[in-house]
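Chemist: have a look at this fold, sequence not included:
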């Protein structure tokens, strides 16, 4: 579980909680448990409005941002596809010749795919999302422009 705090210096009072579960049945068991229900009752006096749960799975987790709505799925797919293509091509080009003579095909494939997933998770996708942020979350860029901060020439 991870707590998301309002950005430093902001007037926001929005907090978030990220929870991960091994399976849907474990998630349902947790939300139906007396522990969770007692916790909800305990924090109720501190909560303004209703909570808005969002379930993320698979590739969406790379694009989660505590302060922005999820980008459209087509944008997530469009960014993920070239990243997977490039990383898998590079990893296979580098590792396959080195592993081919040493490991049987199925083990070589396992090492290559584990490398691809690791590089995507910790390097490629965080970089791609950071670079594409203005395109993924265009409204956040507009809201960060303060009135009078743009100059007109002419």
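Modeler: That came through fine. These numbers come from a predicted model, not from an experiment.
Chemist: how much space between residue 60 and residue 24?
Modeler: Applying CB to CB, to the nearest Å, the value for residue 60 to residue 24 is 15 Å. To be clear about C-beta, it is placed using only N, CA and C from the backbone, and glycine gets the same treatment.
Chemist: I should have written residue 9 there, sorry.
Modeler: 38 Å.
Chemist: helices or strands up against the longest helix seen in the chain?
Modeler: Determined from DSSP state H, the single longest helix within the chain is helix 73-99. Judged by 3 or more CB pairs under 8 Å, 6 or more residues apart in numbering; DSSP states H and E, helix 73-99 is in contact with helix 105-119, helix 125-131, helix 133-136.
Chemist: how about those helices in JSON lines, adding mean pLDDT, mean neighbour count and distance to residue 46?
Modeler: Listed next are the helices and strands packed on helix 73-99 as JSON lines, based on pLDDT from 0 to 100; neighbours: other CB atoms under 10 Å; distance: least, CB to CB, whole Å:
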{"stretch": "helix 105-119", "mean pLDDT": "89", "mean neighbour count": "14", "distance to residue 46": "39"}
{"stretch": "helix 125-131", "mean pLDDT": "91", "mean neighbour count": "15", "distance to residue 46": "32"}
{"stretch": "helix 133-136", "mean pLDDT": "90", "mean neighbour count": "14", "distance to residue 46": "32"}
